[in-house]
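A.B. asks: Sequence and predicted structure are below.
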Amino acid sequence: MEKEGVYFHNVSELVHKPYQSGLHLQRFPQHVRNGLSEKGRTKAIQSNGCELRFVTESKHVRVTVGSNDSNGRVVVCRGDFFHSQHFLQAGTVTTLHLEEPERFTEVSSERLNQSGFSSNVWRLHFDRFGAVFYDVDAFGCEVRAPRPDEVPKLTMLAYGSSISQSAGSTHHFNGYLQQTARRLGVDVLNLALSGSCYCEDVVADHLAEREDWDFLFLELGVNMRAVVSPEEFKRRVSYMLDRVIKSHPDKPVFVTTIYPNRATYFLDAGHLLHVQEGIFNEVLLRYCESNKHPQLHLLDGASVMRDLSSLTSDLIHPSDYGHMLMSEHLAKLLRPMIEPLRTSSHSSAVS
């Protein structure tokens with residue numbers, strides 16, 4: 001989404017609320033948010049994975065943003081280069097004064113632009129809070145959205161649990177999906193919902209109706225182990241996968257089984273979470289085996305999350321170290337299927 005020279009990445013709606021100034025960044029359209037569970041609605045309004053992207057020749061730029069609900073942080077990059085980190089206080093409008101990296105002029109642009117993003121692109125990454133945008137002031141210089149050749153050609157759309165929403169990392173910027181995208185040189189649209197990845201039909205329809213992605217990554221099951229029956233889990237994931245595959249038969253779809261966690265290794269083998277986890281993984285396996293769609297790929301979660309000590313002490317969410325390891329393993333698994341897409345005539349890159 002583009003507005004006044006700024007590209008709002010991973011943003012489906014910019015919402016102006018009565019009696020409040022600024023534009024609230026929403027990852028999901030309102031009808032999708034309203035169709036989620038009660039918990040899902042509170043997670044859907046979190047702006048993690050949303051970015052402000054723009055290019056300007058001004059050496060100084062002021063970006064005014066805020067957090068609607070909780071204290072949070074903004075990570076600023078120029079291209080793929082970390083620039084600075086800023087703290088936002090809930091309910092307070094904050095202006096960030098950003099300066100062009102003076103050392104960039106000492107290095108050739110070919111060296112600076114070897115990754116997916118042009119080093120000319122300002123990128124502001126938001127964490128898990130409700131981000132609000134107010135203004136970009138480039139002191140009279142033009143502000144424009146990045147061109148297609150200044151961003152990655154390919155885009156991964158992702159949906160999953162709090163793990164995919166980067167829980168356990170010190171910032172969403174460090175999450176395994178964000179790092180996987182970085183390793184692959186692709187963009188990512190992250191629609192993960194902490195504790196509420198329930199595969200509702202409205203989400204399935206939304207994923208299927210979107211046209212802004214080149215491949216889809218789904219992390220399913222862990223949030224539903226104690227919420228739905230195996231029969232209902234099968235119905236929901238079957239509907240989601242059927243919808244996506246029918247709408248995008250030529251696009252790769254990756255599904256992972258549940259990442260190993262404390263329930264995987266419970267001493268009580270009869271515990272509901274342990275039992276349901278095994279059943280749900282089998283449901284995913286059987287769906288993929290029975291459909292045999294050439295673009296549907298099942299990944300073993302244990303091949304992505306291999307080291308239990310890479311989790312935090314809650315034994316479910318990866319630490320920064322865990323997210324890093326997971327991204328390394330996942331990127332290796334995805335790369336053979338992703339590389340052929342680079343030569344495809346289709347691209348979801350922003351225009």
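C.D. replies: Great, that's in hand. Residues are numbered from 1 along each chain as shown.
A.B. asks: contacts and neighbour counts: CA atoms only from here.
C.D. replies: Noted.
A.B. asks: domains of this structure?
C.D. replies: Under the assignment named as automatic domain parsing, the residue ranges that make up the domains of the chain are 2-150, 155-343.
A.B. asks: Let me see the mean pLDDT of the shortest one.
C.D. replies: For domain 2-150, the mean pLDDT works out to 96.
A.B. asks: try the last one
C.D. replies: Averaged across domain 155-343, pLDDT comes to 97.
A.B. asks: any idea how far it is from the chain center?
C.D. replies: For domain 155-343, the separation from the chain centroid amounts to 12 Å (computed by Cα atoms, centre = their mean, to the nearest Å).
A.B. asks: Redo the domains of the chain as JSON lines? Include mean neighbour count.
C.D. replies: Output for the domains of the chain, formatted as JSON lines (neighbours: other Cα atoms under 10 Å):
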{"stretch": "domain 2-150", "mean neighbour count": "18"}
{"stretch": "domain 155-343", "mean neighbour count": "19"}
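A.B. asks: What separation do you get for the spatially most central residue of the chain and Gln46?
C.D. replies: For the chain, the residue sitting closest to the mean C-alpha position, by Cα atoms, centre = their mean, is Asn190 at 2.0 Å. As judged by Cα to Cα, to the nearest Å, Asn190 and Gln46 stand 11 Å apart.
A.B. asks: Which residues are in contact with Phe87?
C.D. replies: The neighbours of Phe87, taking Cα atoms under 8 Å, 6 or more residues apart in numbering as the test, are 71-74.
A.B. asks: do the same with Arg262
C.D. replies: By Cα under 8 Å, 6+ apart, the contact list for Arg262 reads 315-316.
A.B. asks: still on that earlier bit, give me the phi and psi for the residue nearest to the centre of the chain.
C.D. replies: Dihedral angles of Asn190 (phi, psi; degrees, to the nearest 10) stand at phi -100, psi 110.
A.B. asks: For it, give the beta-bridge partners.
C.D. replies: Note on Asn190: beta-bridge partners Ala158, judged by DSSP bridges.
A.B. asks: residues in contact with it?
C.D. replies: If a contact means Cα under 8 Å, 6+ apart, then Asn190 has 10, 48-49, 157-159, 164-165, 177 as its contacts.
A.B. asks: Phi and psi next, for His97.
C.D. replies: According to degrees, to the nearest 10, the main-chain angles of His97 amount to phi -100, psi 110.
A.B. asks: can you pull up the bridge partners for it?
C.D. replies: With DSSP bridges as the criterion, the beta-bridge partners of His97 are Arg62.
A.B. asks: wait, it sits on Ser58?
C.D. replies: No. Using Cα atoms under 8 Å, His97 is not in contact with Ser58; the gap is 12.0 Å.
A.B. asks: Need the residues touching each of the two.
C.D. replies: When contacts are counted by Cα under 8 Å, 6+ apart, His97 and Ser58 are jointly contacted by no residue.
A.B. asks: so where do the strands sit in the stretch 201-350 of the chain?
C.D. replies: According to DSSP state E, counting those that start in this stretch, the stretch 201-350 of the chain carries its strands in the segments 215-219, 253-256, 296-299.
A.B. asks: All the helices of the protein, in order from the start?
C.D. replies: 30-34, 38-44, 109-112, 176-184, 201-209, 230-247, 272-291, 301-304, 320-338 (DSSP state H).
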